[in-house]
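Asks: I need the structure of the sequence given here:
(one chain, ligands or ions: 1)
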Amino acid sequence: MIKEIKGLHHVTSMAADAQENNGFFTDTLGLRRVKKTVNFDAPEVYHLYYGDEIGSPGSVMTYFPFGRMPRGRRGTGEVGVTEFAVPKGALSYWKDRLRARGVADLSEGRFLGEARLGFSGPDGDSFALVETAARGRTPWTGAGVPEEAGIIGFHGARMRLRDAAATAELLGFMGYQKDESDGSVTRYRIEGGNAADTVDLEETPDAGPAAQGAGSVHHIAFAVEDRAAQDRVRKALMDTGYQVTPVIDRDYFWAIYFRTPGGVLFEIATNEPGFDRDEDTAHLGQALKLPSRYEPYRDQIERILPEIAA
Ligand code: ZN
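Replies: Numbering: from 1, shown residues only. Below you'll find the predicted structure:
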C-alpha cells in the first residue's frame, strides 16, 4: 500500500459552451476562476479552473469547453457524481439559490448520515452539495454567496462501475480504507488527507456503459505533495502492472495518468507548484495564460477562443 495520496486534487470534465460553463461555476456556484488557460493538447479549446481562493488541491473543478459537443450519456465506467462540500446548515440556502436560477434536477436526500442536494450542471453534469465539517477549509464567497454557505472544496466523488471489485482493490492500494455501505454504494475514505477524502463506488451491473461527451467527467485526479512522492507512486503502480504515462508538466502541477480496471481515467497530480506560479493571488484566473510552447501563437489562439466574461 502506498501512503502518498492525500485525497482528490481536481476533477476535469467536458462542456459545450465556455461562457455558460464559466457563468455556472463563478456566478451560480460562486467559485473562483483560478486559471484561464488552454487545453495543452488542443490549444483552440480553453482549460478553465474553478476553486477556492488559491485553487487548493481538493477544491478544483476544471473544464474543457469544446463548443458544439454532444452531451455524454451517463453509465458505467465513469465518475457519475462530483460532490462539493458545504458547511452544516447550508443546504436550505443552496436549494433556494439554485431553484431561483433554474438549475435542473434538484433532489434532496441523505446518504450515509449526510444531508445532500443533487443538481445538474448546464450540460447535464451530475453534482451534489454535501453538508460536512469545514476541517480547516475556507469557502470562496463569490457572487454574493455568504461565508456560512460557501463551497469549501470537494467532498468526494462517486464512480459508477459495472463491477467494483478491481477498483476497490486499487483504492486500497492507494491508501483508501473501506467505510460504510448503503445499498449498491460503498464508501472509501483516506486518512490524513486534504479533506476531499471520500470516493464512493456504486456498482450497477445492469447499466450500460457511459459515453463521454459534454457533461461527462474526463478524469479524476488524486493529490500528492511533490514530484518525489509522485515518482514513488508511479513506480508502485507500474510494479503492480498498471500502464502509467510519463510525468507531464501541466504548468500548475505535474501529472501522470492511468486507466483503471473499471474504465475511469485516474491522474496523480502534485500539489506543487500551484496556480500562483504565473500570476499573483489577487489576480488569479483573469488573464489568458498559455504554456510557453504556445506563447508564439497567442494572437491566433486569442482569435479562435470565444469571449468569456472576466
Ligand atoms: Zn487533470
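Asks: ok, and for the helix or strand encompassing Val38, which residues are buried?
Replies: Following DSSP states H and E, one finds Val38 within strand 32-39. Buried positions in strand 32-39, judged by neighbour count with 16 or more other Cβ atoms under 10 Å: Arg32, Arg33, Val34, Lys35, Lys36, Thr37, Val38. (Glycine included, C-beta is placed from N, CA and C.)
Asks: The residue of the stretch 1-150 of the chain found nearest the ion: neighbour count?
Replies: Using Cβ to the ion, the closest approach of the stretch 1-150 of the chain to the ion is made by Thr12 at 4.5 Å. Using other Cβ atoms under 10 Å as the criterion, Thr12 is surrounded by 20 other residues.
Asks: Then it would be within a strand, right?
Replies: Yes: membership of Thr12 in a strand is supported by DSSP: H, G, I helix; E, B strand; the rest coil.
Asks: partner residues bridging it?
Replies: Residues in a beta bridge with Thr12, per DSSP bridges, are Thr62, His219.
Asks: Now do the contacts for it.
Replies: Residues counted as contacts of Thr12 (Cβ atoms under 8 Å, 6 or more residues apart in numbering) are Thr62, Tyr63, Phe64, Val217, His218, His219, Ile220, Ala221, Glu267.
Asks: quick one on the thing from earlier: for the record, mean pLDDT for the strand holding Val38?
Replies: For strand 32-39, the mean pLDDT works out to 98.
Asks: Could you list every helix and strand in contact with that strand?
Replies: Packing contacts for strand 32-39, counted by 3 or more Cβ pairs under 8 Å, 6 or more residues apart in numbering; DSSP states H and E, involve strand 42-51.
Asks: List the neighbouring strands of the strand it packs on plus their orientation.
Replies: Here, using DSSP bridges, strand 42-51 pairs with strand 32-39 (antiparallel), strand 60-65 (antiparallel).
Asks: pLDDT averaged over the shortest one - what is it?
Replies: The reference is to strand 60-65. The pLDDT scores in strand 60-65 average 98.
Asks: how many neighbours does Gly183 have?
Replies: For Gly183, the neighbour count with other Cβ under 10 Å is 8.
Asks: actually Ile301, not the one I wrote
Replies: Count around Ile301 with other Cβ under 10 Å applied: 17.
Asks: same thing with Glu169?
Replies: Residues near Glu169, counting by other Cβ under 10 Å, number 12.
Asks: Quick check, pLDDT for it.
Replies: At Glu169, pLDDT is 97.
Asks: got the phi/psi numbers for it?
Replies: phi -60, psi -40 (degrees, to the nearest 10).
Asks: how close does it sit to Asp249?
Replies: 31 Å (Cβ to Cβ, to the nearest Å).
Asks: Over to Asp125?
Replies: From Asp125 over to Asp249 the distance is 28 Å, taken as Cβ to Cβ.
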